[in-house]
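[1] pasting a predicted model and its sequence here:
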Amino acid sequence: MSDAPAKLTGEQKRWAISAAAIFVLSIGFLGYALNTRVLVTFAIGWVALQIFGYVGSIKRANGDFSHPLFKSQVMLNVIALSLLIALFLRGTA
């Protein structure tokens, strides 16, 4: 048995990086929400959604970042990010 880690394909790397970027954005927004006391419930819920969603989808996909279940989890969080952007744009108008 080899102890070498498995190599990720380019597609797997892209999906993993996009998931990580969205997670970092949500942590940043959580800090902003806690500081300004605006949309705190949304920020906490979004981070929790990502933690449970990513862990569950990776478990069920057997660690494959290009599995359709993981991709749908990333796209779900893209929709949440889009809603957040829409809230900010509507609030400044």
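    Structure's in. What do you need?
[2] so which residues of this structure form helices?
    Listed in chain order, the helices of the chain (DSSP state H) span residues 10-36, 40-60, 68-92.
[3] the second one: which residues count as buried?
    Looking back up the chat, that one is helix 40-60. Residues of helix 40-60 classed as buried by neighbour count (16 or more other C-beta atoms under 10 Å): Phe42, Ala43, Trp46, Val47, Gln50, Gly53, Tyr54, Ser57, Ile58. Quick note: C-beta positions are derived from backbone N, CA and C, even for glycine.
[4] was I right about the last one contacting Phe70?
    In other words, Ile58. Yes. Under the criterion of C-beta atoms under 8 Å, Ile58 makes contact with Phe70 at 6.4 Å.
[5] what sits against Ala80?
    Residues in contact with Ala80 (C-beta atoms under 8 Å, 6 or more residues apart in numbering) are Trp46, Leu49.
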